[in-house]
Structure formats: structure tokens, C-alpha cells
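Trainee: dropping the sequence and predicted coords here.
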Amino acid sequence: GAVVSQHPSWVICKSGTSVKIECRSLDFQATTMFWYRQFPKQSLMLMATSNEGSKATYEQGVEKDKFLINHASLTLSTLTVTSAHPEDSSFYICSARHLNRAGNQPQHFGDGTRLSIL
Amino acid sequence: DAKTTQPNSMESNEEEPVHLPCNHSTISGTDYIHWYRQLPSQGPEYVIHGLTSNVNNRMASLAIAEDRKSSTLILHRATLRDAAVYYCIPVLFTSGTYKYIFGTGTRLKVLA
């Protein structure tokens, strides 16, 4: 149980394109989802916290107009990288916390989306 | 914010026990410690978590120091499939929610 699915797994697109990444909790409901970014040989960096029905909370240094987050239902959050440029190329990973579990309980991670901007 | 210190890398022989240490000396009294591992090009996989007591599950054991300033993840018999980057993560309550702040992790190599 507690499966989180990301789509697409990888995407290659031209500079200036906007790219949408979906994060779905398949067998549980999640009021809170998280978006991370990971560059090669580095650790995961938290970008933002996504709450169902409200605005996302962004970490310091993350541009909210660049990385649009929508969390319209208890099972889906989307991250849109607007006007993507080569420096936005990275591995984007989402996670979700079960609705009925305490906040200090484990998050469930998706398998990530590799974004390459040419 | 609680920060963690882990060895950059460790090696183990297959079938041998592995002890992965983590220092989290700035942790607060209510911060849980979560451990995850990550294989290349995959998202992190949950391993184990705890607060004060030692914990065991089918994957591993977690030994938490009495002063909670450090913990050790124990893989009882390492297999080749255990080769991964292991992250020790204190769960922080900040800005109204519980968050993970990942450190650099320990890259575990398992030798056949």
C-alpha cells in the first residue's frame, strides 16, 4: 500500500517550454504533498509543500512564479515548470503524507521525473 | 533546524552486518528520526523511523542513543540489493507542517 505515482518518468523539451509533472497517491488520500529537486550527485532539496485546496508554501529561494503547484484533490498534485531553461534540468521527486496519519509519520515518495531542457 | 552528519560512504561485505551512523546533535525532543534509502534514478524508499526507543522491522533495526544526539541504522545481513544512498532525516515541524530536510547521506557499497 501507500503508492505514489509520478508522470511522466522523463521528459525532454526545448528551452522556453512549460512542463507539467503529475504526482498521484494511488491507494490513499493525502492532504499534504511535497516537491523536491535533485541535481546529479546531490541530495534532495525541498522546493515546496502542497496542501489540498490551498496555496503551496515555497522554500526560500524557490520562485513560485517559475514552479507552479496545484493540489486540487486529495490524490493529485501537479508541478508546472514554466518557461523552462537548461538550468531547470533536474530530477523532480514528489512525496505524499497519508491523510489519516500524524504529521511526523513517514512520507511516501514517487519514482521521480527526469527533466531535460535542451 | 536540526542538521545531520553522516559518513559520505561505507563499504560492507555481502552477508555481513552494516552499521550506518548518523549524528543529529541539534535535534529537538519531539523530532522523529526517519531513515530512507535511494537507488539511482529512483525516489527514496522508507526504511525505518523512531523517536526514543530502538525499533526493528523486516528491513532493519534502528538504535537511538539515550541522549538522542545520534542514531545507527543496522542492516543485519547486507545483500547486493542494499547498495544505495542512506539518508537519516529528522522530521522538523516548521511553518505549520512537518518537513524533511535531507542531508548528504551515506553511499553504501556492498561487496560480493
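Mentor: All right, it came through fine.
Trainee: report the helix or strand with the lowest average pLDDT across chain B.
Mentor: In chain B, no helix or strand scores lower on mean pLDDT, DSSP states H and E than strand B:97-100, which sits at a mean of 88.
Trainee: please list the residues of chain B that sit near chain A.
Mentor: Residues of chain B lying near chain A by CB under 8 Å from any CB of the partner chain: B:30-32, B:34, B:36, B:41-46, B:49, B:87, B:91, B:93, B:95-105. Where C-beta positions appear, they are placed from N, C-alpha and C, glycine not excepted.
Trainee: drop anything exposed from the residues you listed.
Mentor: By neighbour count, with 16 or more other CB atoms under 10 Å in any protein chain shown, the residues of chain B next to chain A hold B:31-32, B:34, B:36, B:43-44, B:46, B:49, B:87, B:91, B:98-103, B:105 as buried.
Trainee: residues contacting residue 105?
Mentor: Unless you meant another one, I'm taking chain A. Under the criterion of CB atoms under 8 Å, 6 or more residues apart in numbering or on different chains, the neighbours of A:Q105 are A:R97, A:H98, B:H49.
Trainee: try again with chain B
Mentor: A:S43, B:Q6, B:Q38, B:V85, B:Y86, B:Y87, B:C88.
Trainee: what's the answer for B:P21, then?
Mentor: Applying CB under 8 Å, 6+ apart, the residues near B:P21 are B:Q6, B:P7, B:S70, B:S71, B:T72.
Trainee: which strand residues bridge it?
Mentor: Assessed by DSSP bridges, B:P21 has beta-bridge partners B:T72.
Trainee: against A:M47, how distant is the residue nearest to the spatial centre of chain A?
Mentor: The centroid of chain A falls nearest to A:W35 when counting by CA atoms, centre = their mean (3.4 Å). Going from A:W35 to A:M47 by CB to CB, to the nearest Å gives 5 Å.
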